[in-house]
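Participant: any chance you can model this:
(one chain, ligands or ions: 1)
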Amino acid sequence: MMNRSPYFAVLLFAAFVLNDSKGEPNAPGSEDCCKPTLTGTTPVARAGKSPQTAESSATKGWPAKPWPEGMVWIPGGEFWMGSDEPQFTDARPWHRVYVDGFWMDATGLTNEKFETFVRATGYVTLAERAPAPRQFPNIPKIHVAGSVVFTSPNEPVSLDNSSQWWNYVPGANWRHPSGPNSDLKGKDQHPVVQVAYEDAIAFCKWAGKRLPSEAEFEFAARGGLDRKAYAWGDDFRPQGRFMANTFQGHFPDKDTAEDGFAGTAPVASFPPNDYGLYDIAGNVWEWCSDWYRSDYYKTLAEAGGVARNPSGPADSFDSAEPETQKRVHKGGSFLCTDQYCKRYMPGGRGKGDPGTATNHLGFRGVMTPAMWEARRAAILKPSP
Ligand SMILES: [Ca+2]
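Facilitator: Just a heads-up that it's a prediction; the model follows:
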């Protein structure tokens with residue numbers, strides 16, 4: 001079982017610090033809700049029609065249905081991965097990557113589905129467990145269970161110190177995302193947050209899924225578009241329409257919620273990308289399986305050719321915080337703004353201590369055809 005590192009206790013905010021100059025806020029159960037079924041349906045599209053609801057020549061060669069419920073097929077292929085955004089020093093250079101086809105959850109995992117998992121298994125998330133005192137002998141308040149919460153300052157603040165808006169809050173966890181006085185009332189369909197890496201892994205194992213690699217996530221997020229700035233194209237607001245839940249106003253003290261949401265939005269509140277993925281940009285950051293290295297893209301590019309199904313470096317190194325092992329986050333969140341962080345762009349990279357959960361970080365699962373076949377075999381296996 002993973003423990004929260006001393007780093008987590010000393011500077012929980014560092015998961016949001018950029019390695020460049022500008023900075024970024026930065027056991028199967030019995031229920032069937034979250035397990036794949038043989039119905040092959042996709043989520044109801046509140047914000048628009050999924051392109052995968054219609055048969056077309058573009059779907060030729062795709063796996064035969066039934067498909068795992070709530071997932072869309074990402075056809076795989078070769079693409080340019082990375083970014084030339086000046087702010088994204090760790091996402092350069094562009095390099096060629098190939099990924100096999102896979103299914104991906106059409107939306108981020110919701111509170112409702114995570115609760116089904118917890119009820120079925122009795123799972124207790126990392127943020128709900130009190131750290132052992134010996135882990136953090138000099139920091140009394142870390143002796144109680146809690147997690148990291150964004151709190152708007154009352155007035156404008158300089159953007160060089162994220163501890164002005166990130167705090168460790170005792171009692172904060174997935175059921176109480178902003179602290180003990182918050183709850184999930186009316187938020188069944190919001191993405192689950194306050195989940196550490198091991199929590200996401202635990203859910204995925206139960207559901208017969210796994211986390212996406214960073215390459216899979218970015219391939220999926222681009223939706224078949226080539227090197228576009230956003231998951232939907234090059235225009236942030238086509239015809240004036242917000243396409244993702246991000247931050248408007250003045251960061252971090254005033255979120256004017258012009259896009260309709262301050263904080264998380266129910267999943268699928270914005271249009272899907274061309275692969276039928278909702279909230280693949282904005283709303284909440286999502287865990288990927290890769291270790292984070294700030295020099296990983298450079299290493300792949302220097303190797304030349306096409307990186308096939310890259311699964312990340314063997315270890316983690318963040319030049320900004322070399323003492324901390326981090327996993328990759330992708331997608332950006334409701335806190336991302338061009339005033340500070342615009343990593344809702346598909347080439348943007350995030351990173352964080354695997355033991356650090358926050359109220360703007362969730363996940364979604366993926367499944368390969370082999371995993372699906374294994375799942376179907378298990379579902380169809382006759383009872384003894
Ligand atoms: Ca918003």
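Participant: now the helices for the stretch 201-350 of the chain?
Facilitator: Under the criterion DSSP state H, counting those that start in this stretch, the stretch 201-350 of the chain carries helices at the ranges 214-222, 296-303.
Participant: out of those, flag the one nearest the ion.
Facilitator: In terms of CB to the ion, the element of those nearest to the ion is helix 214-222, at 18.5 Å. Placement of C-beta: from N, CA and C, glycine included.
Participant: that closest one: which residues count as buried?
Facilitator: Across helix 214-222, burial judged by 16 or more other CB atoms under 10 Å covers 214-222.
Participant: packing partners of it?
Facilitator: strand 71-74, strand 77-81, strand 95-99, strand 102-105, strand 285-291, strand 327-330 (3 or more CB pairs under 8 Å, 6 or more residues apart in numbering; DSSP states H and E).
Participant: one step back: export the buried residues of helix 214-222 to TSV and tack on distance to the ion?
Facilitator: Below are these laid out as TSV (distance: CB to the ion, whole Å):
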residue	distance to the ion
E214	25
A215	28
E216	26
F217	21
E218	23
F219	26
A220	22
A221	18
R222	22
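Participant: what parts of the stretch 201-350 of the chain come near the ion?
Facilitator: When proximity is defined by CB under 5 Å from the ion, the stretch 201-350 of the chain lies next to the ion at 245, 259, 261, 334.
Participant: pLDDT and neighbour count for those residues - can I get that in CSV?
Facilitator: Below are those laid out as CSV (pLDDT from 0 to 100; neighbours: other CB atoms under 10 Å):
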residue, pLDDT, neighbour count
N245, 98, 29
D259, 98, 21
F261, 98, 21
F334, 97, 27
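Participant: right, and the pair among the residues you listed with maximum separation?
Facilitator: Maximum pairwise distance among these (CB to CB): 8.7 Å, between D259 and F334.
Participant: identify the contacts common to these two.
Facilitator: Listed as contacting both D259 and F334 by CB atoms under 8 Å, 6 or more residues apart in numbering are 245-246.
Participant: pick the most deeply packed of the helices and strands packed on helix 214-222.
Facilitator: strand 327-330 (a mean of 28; mean count of other CB atoms under 10 Å).
Participant: now do that one: everything it contacts.
Facilitator: 197, 214, 217-218, 221, 285-292, 312, 316, 348-352, 354, 361.
Participant: pLDDT weak spots in the protein?
Facilitator: Low-confidence segments of the chain, defined by pLDDT under 70: 1-56, 132-142, 383-384.
Participant: show me what contacts the most centrally placed residue in it?
Facilitator: Central residue check for the chain by CA atoms, centre = their mean: the C-alpha nearest the mean position is that of E286, 0.6 Å away. With contacts defined as CB under 8 Å, 6+ apart, E286 is in contact with 108, 212, 217, 329-331, 361-364.
Participant: repeat that for 7 Å
Facilitator: By CB atoms under 7 Å, 6 or more residues apart in numbering, the contact set of E286 is 108, 329-331, 362-364.
Participant: with distance to D160 added, can I get those in a markdown table?
Facilitator: Converted to a markdown table, the contacts of E286 look like this (distance: CB to CB, whole Å):
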| residue | distance to D160 |
| --- | --- |
| G108 | 30 |
| H329 | 21 |
| K330 | 25 |
| G331 | 25 |
| G362 | 27 |
| F363 | 29 |
| R364 | 32 |
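Participant: closest to R175 out of the residues you listed?
Facilitator: Among the contacts of E286, and counting by CB to CB, the member closest to R175 is G362, at 14.0 Å.
Participant: and that closest one, how many neighbours?
Facilitator: 33 (other CB atoms under 10 Å).
Participant: and it, what is it in contact with?
Facilitator: Counting by CB under 7 Å, 6+ apart, the residues that G362 touches are 108-109, 191-193, 195, 284, 286.
Participant: any chance of these in TSV, plus secondary structure?
Facilitator: Below are those laid out as TSV (DSSP: H, G, I helix; E, B strand; the rest coil):
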residue	secondary structure
G108	coil
L109	coil
P191	strand
V192	coil
V193	coil
V195	coil
V284	coil
E286	strand
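Participant: closest one of the residues you listed to the ion?
Facilitator: Nearest to the ion among these, with distances taken as CB to the ion, is V284, at 11.4 Å.
Participant: now the closest one. Nearest residue, chain neighbours left out?
Facilitator: Distance criterion CB to CB, 6 or more residues apart in numbering; nearest residue to V284, sequence neighbours excluded, is G362 at 4.2 Å.
Participant: what's the answer for G76, then?
Facilitator: Using CB to CB, 6+ apart and skipping residues adjacent in sequence, the residue nearest G76 is G101, 3.5 Å away.
Participant: the one you found contacts G77, correct?
Facilitator: No: contact between G101 and G77 fails when scored by CB atoms under 7 Å: they sit 8.0 Å apart.
Participant: about what we covered before: for Q239, find the nearest of the helices and strands packed on helix 214-222.
Facilitator: Here strand 71-74 is closest among the helices and strands packed on helix 214-222 (CB to CB), at 24.6 Å.
Participant: count of neighbours near S158?
Facilitator: Neighbours of S158 under the rule other CB under 10 Å: 6.
Participant: am I right that it falls within a strand?
Facilitator: No: looking at S158 with three-state DSSP, it is coil, so not inside a strand.
Participant: and the residue lying closest to it once chain neighbours are set aside, how far from the ion?
Facilitator: Leaving aside its sequence neighbours, S158 sits nearest to Q164 (CB to CB, 6+ apart; 7.8 Å). For Q164, the distance to the ion equals 20 Å [CB to the ion, to the nearest Å].
Participant: A281: how many residues sit nearby?
Facilitator: Counted with other CB under 10 Å, A281 comes out at 27.
Participant: contact partners for it?
Facilitator: Counting by CB under 7 Å, 6+ apart, A281 touches 221, 230-231, 244, 331-332, 344, 346.
Participant: and what of G331?
Facilitator: Contacts for G331 were tallied using CB under 7 Å, 6+ apart; they are 221, 280-281, 285-286, 344.
Participant: again, only this time at 6 Å
Facilitator: Residues near G331 by CB atoms under 6 Å, 6 or more residues apart in numbering: 281, 285-286.
Participant: tell me who's in contact with W372.
Facilitator: Contacts of W372 (CB under 6 Å, 6+ apart): P68.
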